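# Fold the following and give me the result.
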Amino acid sequence: MVRERPIVLTPEGKAALEQELEQLRHVKLPALLERLQQLSNEGDISDNSEYEDTKEELVLTEARIREIEHILRRAQMVAHTGPGDEVRLGSRVTVIDDEGVTETWVIVSPEEANAAQGRISIESPVGAALLGKRAGTTVVVKAPGGEMRLTIQRIE
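I've put the predicted structure just below:
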């Protein structure tokens with residue numbers, strides 16, 4: 001029997017997934033179904049690329065709904081006990097690289113990772129390197145683009 005790993009979410013990550021699920025179920029899915037109905041009422045759909053594209057988008061939307069439902073069913077909330085002295089799931093970490101560039105990331109599970117929003121996965125090279133480390137520690141991250149050194153400035 002294959003065991004699935006537990007899914008641990010931050011409160012913010014859970015709220016974002018719930019909001020996305022609500023939007024998909026009540027806005028996007030009905031709009032796609034309505035558009036498919038309109039296109040099929042317009043006549044021959046056998047060579048209609050817009051119909052095929054909309055149908056594909058519907059399939060992807062339904063798959064994303066199932067994925068989010070699965071995540072939320074299995075999710076455990078990360079316990080916030082205030083600022084910690086080491087990086088853990090849910091920590092907000094400020095680092096500085098060798099070139100003096102400072103960045104702040106929230107360490108999250110893969111299910112809520114979004115680099116553009118500053119939320120990096122514990123399974124990413126940076127997230128894995130920072131996990132368990134303390135402020136003042138310098139870590140070497142082996143990423144696809146090469147090695148980089150990051151010094152942890154602050155953990156919240």
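
# The longest strand along the chain: which residues count as buried?
Selection of the longest strand in the chain by residue count, based on DSSP state E, yields strand 146-155. Buried residues in strand 146-155, counted by 16 or more other C-beta atoms under 10 Å: 148, 150, 152, 155. For the C-beta atoms, the positions are set from N, CA and C on the backbone; glycine is no exception.

# Which pair of these spans the longest distance?
Between any two of the buried residues of strand 146-155, the greatest separation by C-beta to C-beta is 18.9 Å, found for 148 and 155.

# which stretches of this protein have low pLDDT?
1-3, 44, 79-83 (pLDDT under 70).

# can you list the domains in it?
7-77, 92-155 (automatic domain parsing).

# Residue 84 is nearest to which of those domains?
Per C-beta to C-beta, nearest to residue 84 of those: domain 92-155, 6.2 Å.

# next one: that closest one to chain centre, how far?
15 Å (C-alpha atoms, centre = their mean, to the nearest Å).

# residue contacts, residue 24?
61, 64, 65, 68 (C-beta atoms under 8 Å, 6 or more residues apart in numbering).

# so residue 139 sits in a helix?
No: the assignment for residue 139 (DSSP: H, G, I helix; E, B strand; the rest coil) gives strand, which keeps it out of a helix.

# Now that it has come up, it's in contact with residue 128, right?
No: assessed by C-beta atoms under 8 Å, residue 139 is found out of contact with residue 128, at 9.6 Å.

# rewinding a little: can you turn the buried subset of the contacts of residue 24 into a selection I can paste into ChimeraX?
Entered in ChimeraX, the line below selects the buried ones among the contacts of residue 24, by 16+ other C-beta under 10 Å:
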select :61,65,68
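
# Let's see which of the contacts of residue 24 end up in helices.
Judged by DSSP state H, helices contain the following of the contacts of residue 24: 61, 64, 65, 68.
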